[in-house]
Every structure is written in C-alpha cells, then in structure tokens.
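Peer 1: Quick one, what's the 3D model for this:
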Amino acid sequence: MSDAVPDSSTQFDEPGDERGDELGRPRELVLITGISGSGKSVALHALEDAGYFCVDNLPPELLRDYMRLQHPRYTERVAIAVDVRAARSLPALVPLIFELRGEGVTIRPLFLDASTDTLLRRFSETRRPHPLSQPDGSGGTQHALVEAIELERLLLAELREVSTVIDTSTLRPAGLRAQVRDLVAARHDRLTLVFESFAFKYGVPLDADYVFDVRMLPNPYYVRELRPLSGRDAPVAQYLSAQPEAGEMLSQIEAFLRRWLPALATDQRAYVTVAIGCTGGQHRSVYIVEQLSQRFTGHGATLVRHRELDALD
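Peer 2: Below you'll find the predicted structure:
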C-alpha cells in the first residue's frame, strides 16, 4: 500500500447508492447517539432545519423495519436519535449498523459526548433526571448522578467506537449546530480530516483520534505585541514560521498523517480528528492547525475547529 494520501479525486467508497434504492430506503441515514445531556436534541433539530426527516428516540429493534418503509417524500435524508433509554436493545445496534451498510444503506453515526463535570452542571441547571437514575427517596444526589453517567458511558462504549464523536463540553448550541452541519455536509464517500486546536489547561478534547502537544514551541504569548492576537493573525504566523522547531513539528505531524491516512480510509472511517494542543489554545496550536489544514487541502475534505477561540465567538 502506498504511503501517500490519495488525492482529491480518489474516493473512499462506502456501500450504497447516493440516489437511494428501489425499496425507498434513505440515501443517507444519520444516526445520532451519545451521552444524556450532551446535546442530542440540539443536533437533531439542526438536521431537521437542514432538511432531514428526523425521528427521536427510535427503539433500535425498529430500525431495520423503519428502513424498509417506503415513502416518496422521505427517501433522501433521514436522521434518527437513539439513546440509553433503549438500553436492552443497544448491544444489537452496532452489528445492525454493519448489516445495513452491507445491504446498501449509508449510515453515518454521530456520537455526542461531554465531560462528567459539564454533564453534572447541565443536569443541575435543567433539573431533569438522568434516564438511568434510580429513585431513592432522597430526591437524587450528585453521587447517584455520577454513577448513572458512568454506567451510561459503559453501555454506550461499543457504539462510541464506531461513531464520529463530537465533544460538546465547551460548545454553545449554535456551535454544536454548526459542527453537526459541517460534518454531515462533508462527502460520506471520502475520509474527512478534522483539525482542532485546544488548550491543555481546559482538558483534551473527547473527540480526538490523535493528540499532538506543541507546548514546547516558542510561545508568542510572551511577545507583548503578539499576546492579544491569535495563530490566525499574520504577525503570529510570521513569528512562528521563523522558528525552526515549528517547521520541524509541522513536517513530522504531516509525515505521520500521510503515512497512516490510507490505512484509516480503508478501515471505513468517515472522519479522523487531529487535535493540536498548547497552553492557552490561542497561538501555537491555532497556527499549527491552520498550517496543517492548508497542507492537506488537496487531499480530500478538511474541517478546522479552534475550540477555545470558537467558544469566545
């Protein structure tokens, strides 16, 4: 197998005809799952606004029957949300995804996740019970909620492994809607590279497939005139491009990705998220992400996220 990343004319095909089949099956099914409180309803509404026919909380055992339904209006794009309330049926969901793909259905699973601290805060603010919470007569405690969240992570672990993960810990609803739209807009028959900058002091993104630490690079933060700027600004880019370490780091990350992306593509992955972290997520990681995005522009679809900067927008 060649180590070069296929050019933009190469397609990584998944089973299924984009036009749908004679049975009226959807051309594309987006399957939304994830941890309770991570924003599945927001994601589903975003897809509904984008023209998808949406079904919330469909029991997994009904998924195959639903896919066999014929309806001329709803054969193009469908989004279905499945959550832990169907816990007894979840073990059969992952095999079913592969079975339906083998039958010609294009399924794109999206898994929404968030840090436990974020989920605790959201449940506290909304005062809604967790689906796995057990009534104990005490009105619910934080300890019981943490146990429910960890149990849910365990139940959904296998499904998470076969899905594209979106970390919603720092996302506002508008940011989540934008990320969902970007992901489903990317062509499903090509491997999409997602480059994401972040700050280590706020934690590593939960959706990262690969994490690179660039904190050893010279920090523009300590140059007074560069401090208020970001890695997207020309003065910061000029400063870092003049540092030999930055160029070497870029070349090594690029070489790693070029070596392994073909194997990832043949593994039927739809997305690979490459997270680049520095201390504050403002200068070095942002610059590296922007440069990597440019270097891979001609090699298929690329998406750029700047977690800390986007949170300020």
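Peer 1: so residue 214 touches residue 276, yeah?
Peer 2: Yes - between residue 214 and residue 276 there is a contact at 5.9 Å, judged by CB atoms under 8 Å. From N, CA and C alone the C-beta is placed, and that goes for glycine too.
Peer 1: Overlap in contacts, those two.
Peer 2: Common neighbours of residue 214 and residue 276, using CB atoms under 8 Å, 6 or more residues apart in numbering, are 285, 288.
Peer 1: Please say which of those two ends up with more neighbours.
Peer 2: In this view residue 214 and residue 276 are compared by other CB atoms under 10 Å, and residue 276 has more residues nearby, 28 against 24.
Peer 1: Contacts only, for that one.
Peer 2: 195, 196, 197, 198, 211, 212, 214, 253, 285, 288, 289, 292.
Peer 1: Now these in a markdown table, please, with extra columns for distance to residue 148.
Peer 2: As requested, those are exported to a markdown table (distance: CB to CB, whole Å):
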| residue | distance to residue 148 |
| --- | --- |
| 195 | 34 |
| 196 | 29 |
| 197 | 32 |
| 198 | 28 |
| 211 | 28 |
| 212 | 34 |
| 214 | 37 |
| 253 | 39 |
| 285 | 34 |
| 288 | 38 |
| 289 | 35 |
| 292 | 39 |
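Peer 1: of those residues, buried ones?
Peer 2: 195, 196, 197, 198, 212, 214, 253, 285, 288, 289, 292 (16 or more other CB atoms under 10 Å).
Peer 1: farthest pair in those?
Peer 2: The span of the buried ones among the contacts of residue 276, defined through CB to CB, is set by 198 and 253 at 14.9 Å.
Peer 1: hang on, the earlier thing: mind putting the buried ones among the contacts of residue 276 into CSV with distance to residue 246?
Peer 2: Output for the buried ones among the contacts of residue 276, formatted as CSV (distance: CB to CB, whole Å):
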residue, distance to residue 246
195, 16
196, 18
197, 14
198, 18
212, 12
214, 8
253, 11
285, 11
288, 7
289, 12
292, 12
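Peer 1: So which of these sit within helices?
Peer 2: Of the buried ones among the contacts of residue 276, the ones assigned to helices by DSSP state H are 253, 285, 288, 289, 292.
Peer 1: nearest to residue 178, of these?
Peer 2: residue 289 (16.7 Å).
Peer 1: how near is the closest one to residue 120?
Peer 2: 30 Å (CB to CB, to the nearest Å).
Peer 1: Residue 80: what's it in contact with?
Peer 2: 29, 30, 31, 32, 54, 55, 58, 63, 66.
Peer 1: swap in residue 123?
Peer 2: 37, 129, 130, 145.
Peer 1: Give me the subset of those residues lying in helices.
Peer 2: Using DSSP H, those in helices are residue 145.
Peer 1: nearest to residue 175, of the contacts of residue 123?
Peer 2: Lowest distance from residue 175 to these (CB to CB) belongs to residue 37, with 16.2 Å.
Peer 1: Mark out where each domain of the protein begins and ends.
Peer 2: 28-185, 192-312 (automatic domain parsing).
Peer 1: So residue 204 is in contact with residue 211, correct?
Peer 2: Yes - the pair residue 204 and residue 211 qualifies as a contact (CB under 8 Å) at a distance of 5.8 Å.
Peer 1: Dump the domains of the chain into TSV; add mean pLDDT as well.
Peer 2: Below are the domains of the chain laid out as TSV (pLDDT from 0 to 100):
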stretch	mean pLDDT
domain 28-185	84
domain 192-312	93
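Peer 1: Tell me the backbone dihedrals of residue 50, please.
Peer 2: Note on residue 50: its backbone torsions stand at phi -90, psi 0 [degrees, to the nearest 10].
Peer 1: For it, give me its contacts.
Peer 2: With CB under 8 Å, 6+ apart, residue 50 has these contacts: 181, 184.
Peer 1: quick one, helices of the chain?
Peer 2: Using DSSP H, the helices of the chain run over 40-49, 63-68, 93-102, 116-126, 142-161, 173-185, 234-241, 244-266, 284-295, 307-312.
Peer 1: which of the residues in the first one are buried?
Peer 2: It refers to helix 40-49. 40, 42, 43, 44, 45, 46, 47.
Peer 1: who's in contact with residue 91?
Peer 2: Residue 91 touches residue 158, counting by CB under 8 Å, 6+ apart.
Peer 1: Tell me how far it lies from residue 61.
Peer 2: 11 Å.
Peer 1: can you check residue 89 too?
Peer 2: 5 Å.
Peer 1: what does residue 203 give?
Peer 2: For residue 203, the distance to residue 61 - CB to CB - is 36 Å.
Peer 1: between these two, which one's more packed in?
Peer 2: residue 203 (16 against 13).
Peer 1: any idea how far residue 211 is from the residue nearest to the more buried one when sequence neighbours are not counted?
Peer 2: Leaving aside its sequence neighbours, residue 203 sits nearest to residue 115 (CB to CB, 6 or more residues apart in numbering; 6.6 Å). Distance of residue 115 to residue 211, computed by CB to CB: 16 Å.
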